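In: next one to model:
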Amino acid sequence: MLRIASHIAIPDSEIEIHSVRAQGAGGQHVNKVSTAVHLRFDIKASSLPPPCKQALLELRDHRISGDGVITIKSQEHRSRERNREEAVARLLALIQKAIFPRKTRKPTAPTNTSRERRIASKKRRGRLKSQRKGLE
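Out: Prediction:
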């Protein structure tokens, strides 16, 4: 059971995990052991509440296919179990990103001190450049 929030959880039966051979360097070990993990999660067929499903489907992410299936591949670690944990953690992060939106930024005005600092540095730079004029 993957707990997303206090009132939202995904049963393990809805998350499909397959072991595959990892790509890239690693020599004999990587060629004979299936340690990489492919995780698939069908958003439309899940038990998530409808607003959560909608938020996930509207998320613009390359891991979400057109038919609403999230595919995550993890192959960073040498063990299958660590790759599985990594893939589930990425799924959790993706769902939380969709469900709990970021706070909107409130624009702030620069302080008087920061304005004065900026003007002082511009004046200093201008004086330096004006001193160079006599050297030519």
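In: from now on I want contacts and neighbour counts done on CA atoms only, so please keep to that.
Out: OK.
In: secondary structure class for residue 71?
Out: At residue 71 the chain is in strand, as set by DSSP: H, G, I helix; E, B strand; the rest coil.
In: let me know the pLDDT of it.
Out: Residue 71 is assigned 92 on the pLDDT scale.
In: with adjacent residues omitted, what lies nearest to it?
Out: Excluding its sequence neighbours, the residue lying closest to residue 71 (CA to CA, 6 or more residues apart in numbering) is residue 40, at 4.7 Å.
In: confirm that that neighbour sits in a helix.
Out: No. Using three-state DSSP, the assignment for residue 40 is strand, not a helix.
In: now do it against residue 99, distance only.
Out: For residue 40, the distance to residue 99 equals 19 Å [CA to CA, to the nearest Å].
In: same deal with residue 53?
Out: Per CA to CA, residue 53 is found 9 Å from residue 99.
In: so for these two, which sits in the more crowded spot?
Out: residue 53 (21 against 18; other CA atoms under 10 Å).
In: what strand or helix carries the more buried one?
Out: For residue 53, the host element (DSSP states H and E) is helix 50-58.
In: what's that helix in contact with?
Out: Contact with helix 50-58 is made by 43, 44, 64, 68, 95, 98, 99, as judged by CA atoms under 8 Å, 6 or more residues apart in numbering.
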